[in-house]
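S.K.: The following block contains a protein sequence and its predicted model.
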Amino acid sequence: MQGMRVLVPRAEIARDALPSLLANRGAEVDILPVYSAVCPADAGPALLRLFGDEGVDVITFTSSSTVVNFVQAFPEDRLPAILGDAEIACMGPVTADTARKLGLDVAIVAREYTTHGLVTAIAESAARK
């Protein structure tokens, strides 16, 4: 990879793992933010409606930004009551670490960090119940 020029289009806020690995192998890396992961202003009320009377069994998080935006959508002191008994499922260890740092009790972490891996982990957890 020495001397290769690599363009990494990504979110405005993203981990530097890929660019760092490429640079460590000798590539010249250009990072281009192409989108911004922001929480809509009305997310809190919309999320509260989803929890409603029936509640939610599992909440999935596929990235650290989804965890951050989700947590910021609620008043911090109300989050435990809102979550109820919902299990937190994360696509991988980085997302799970972010969730834990923000006070969420992570019950499920995919071993394979893909959508399929997350679905498999949720199904395995459900089968154990």
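M.R.: Nice, thanks for sending it over. Numbers count the residues shown, from 1 in each chain.

S.K.: how close does residue 25 get to residue 6?
M.R.: Using Cβ to Cβ, to the nearest Å, residue 25 is found at 10 Å from residue 6. In this view, the C-beta of every residue, glycine as well, is placed from N, C-alpha and C.

S.K.: what do you get for residue 60?
M.R.: From residue 60 over to residue 6 (counting by Cβ to Cβ), the distance is 30 Å.

S.K.: Compare those two (neighbour count), which wins?
M.R.: residue 60 (18 against 15; other Cβ atoms under 10 Å).

S.K.: hang on, that one packs against residue 117?
M.R.: No - the pair residue 60 / residue 117 is not scored as a contact, 11.6 Å apart, by Cβ atoms under 8 Å.

S.K.: Is residue 3 in a helix, a strand, or coil?
M.R.: With DSSP: H, G, I helix; E, B strand; the rest coil as the basis, residue 3 sits in coil.

S.K.: contacting residues around it?
M.R.: 26, 27, 28 (Cβ atoms under 8 Å, 6 or more residues apart in numbering).
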